[in-house]
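Asker: My questions are about this predicted structure, shown below with the sequence.
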Amino acid sequence: MLSVCMCLITGCSSRRNQQSCFLRKPLVVISLLVIITMCLTVAEAAPRTEHRRRHHRRQADLAIRPKDGPNKDYKTATDTIFRRIKNNIRFYRDDLKYYLGFREVRGAKGNPKWLPKINFVAIHFHSFSNLRSRFLYLMPRLYKHAQEYRLLFEALLNVNISHSDDLFNQINKRREFLKSTINRIDLLLTDMNDTMLAVNQTIPHFNQESISNLAKLNKNVSSSEQRLNDIIAFRAYGNLQNTWKLELKCWKKRPGRKLKVCVNYEEQMARRRLNMKMPVKRRVNSFRNPNDD
């Protein structure tokens with residue numbers, strides 16, 4: 001009886017276990033809710049002050065002024081000339097293939113005196129500080145080269161051919177090809193005038209009388225001599241266009257990975273420069289005078 005009363009007063013062990021178990025469940029649920037809430041809540045860290053030197057050197061008008069703003073006009077002008085030369089090369093190859101047929105330009109060799117002389121090594125290795133100085137240096141030289149070959153093709157167009165063995169159709173093809181080439185050179189000169197005026201550059205003055213090498217071109221030639229002169233001039237003009245295309249495309253300070261064609265062009269110009277600097281070896285007479293002993 002006493003044990004029953006004590007059990008009623010203090011509670012039995014089974015009842016105490018049930019009460020403690022009942023109290024643990026809300027604590028576990030509340031703890032899980034707190035953990036889930038902490039995981040889902042976005043933690044906002046305090047902004048950290050950056051002490052970097054480039055932030056202190058940042059210009060105030062950087063958001064207004066675009067990157068490379070002063071050189072942007074010169075880059076646009078250079079790209080315009082590059083696209084014109086690239087298109088001229090494509091049309092020139094098609095027209096040349098139509099005119100020559102199965103004949104090749106590589107058949108003729110020689111460097112006659114009436115051909116314009118161009119030193120691309122000096123042009124390529126000239127140092128430029130930015131796009132502006134590069135544009136101001138290259139455009140007058142490209143303008144001069146285009147004018148020289150325009151006069152050359154006009155001179156070839158007005159050559160008198162004696163005893164021509166070519167058919168009338170072939171003669172017309174030659175005339176059409178020369179006129180088409182001259183027209184495309186005029187398009188290049190027009191684009192150069194527009195781009196130079198857009199960047200406030202003075203258009204260079206070209207004096208036709210200063211070209212003295214064209215006076216050495218024979219105006220009365222035979223059919224074989226005329227064909228030889230044509231092939232030499234066509235090959236030289238094709239090389240001129242390709243070289244100027246690479247010169248405008250491949251620049252040493254241009255960012256990014258260099259193309260393979262630019263790497264090959266750099267190596268080619270380096271070899272030419274090395275050959276120009278090599279001294280001429282003098283012949284040493286191996287004959288020995290016996291009186292010198």
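Answerer: Received it, and whenever you're ready, just let me know what you need. Residues are numbered from 1 along each chain as shown.

Asker: C-alpha from now on. contacts and neighbour counts both.
Answerer: Will do.

Asker: buried sites along stretch 176-192?
Answerer: The neighbour-count check on stretch 176-192 (16 or more other Cα atoms under 10 Å) flags 177-179, 181-182, 184-185, 188-189, 191-192 as buried.

Asker: Filter those residues down to the ones in strands?
Answerer: Among these, none falls in strands (DSSP state E).

Asker: Nearest to His124 among those residues?
Answerer: Lowest distance from His124 to the buried residues of stretch 176-192 (Cα to Cα) belongs to Met192, with 19.7 Å.

Asker: For whichever strand or helix holds Leu197, what does the pLDDT average out to?
Answerer: Assigned by DSSP states H and E, Leu197 belongs to helix 168-198. Helix 168-198 carries an average pLDDT of 92.

Asker: Please name the strands paired to the helix or strand just after that helix in the sheet, noting orientation.
Answerer: Heading C-terminal from helix 168-198, the first helix or strand you meet, by DSSP H and E, is strand 220-222. Sheet pairing here is set by DSSP bridges, and for strand 220-222 it gives strand 160-162 (parallel).

Asker: what's in contact with the partner strand?
Answerer: Outside strand 160-162, the residues that touch it by Cα atoms under 8 Å, 6 or more residues apart in numbering are 219-223, 226.

Asker: pLDDT check: weakest of those residues?
Answerer: Minimum pLDDT for the contacts of strand 160-162 is recorded at Ser223 (83).

Asker: hmm, which of the contacts of strand 160-162 are the buried ones?
Answerer: Buried, going by 16+ other Cα under 10 Å: 219, 221-223, 226, out of those.

Asker: Max pairwise distance over these: which two?
Answerer: The widest separation within the buried ones among the contacts of strand 160-162, taken as Cα to Cα, falls between Lys219 and Ser223 and amounts to 12.1 Å.

Asker: can you list the contacts of strand 160-162 in CSV and add distance to Ser129?
Answerer: Formatted as CSV, these follow (distance: Cα to Cα, whole Å):
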residue, distance to Ser129
Lys219, 45
Asn220, 49
Val221, 49
Ser222, 51
Ser223, 50
Gln226, 45
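
Asker: Thr80: which of those residues is nearest?
Answerer: Nearest to Thr80 among these, with distances taken as Cα to Cα, is Gln226, at 35.1 Å.
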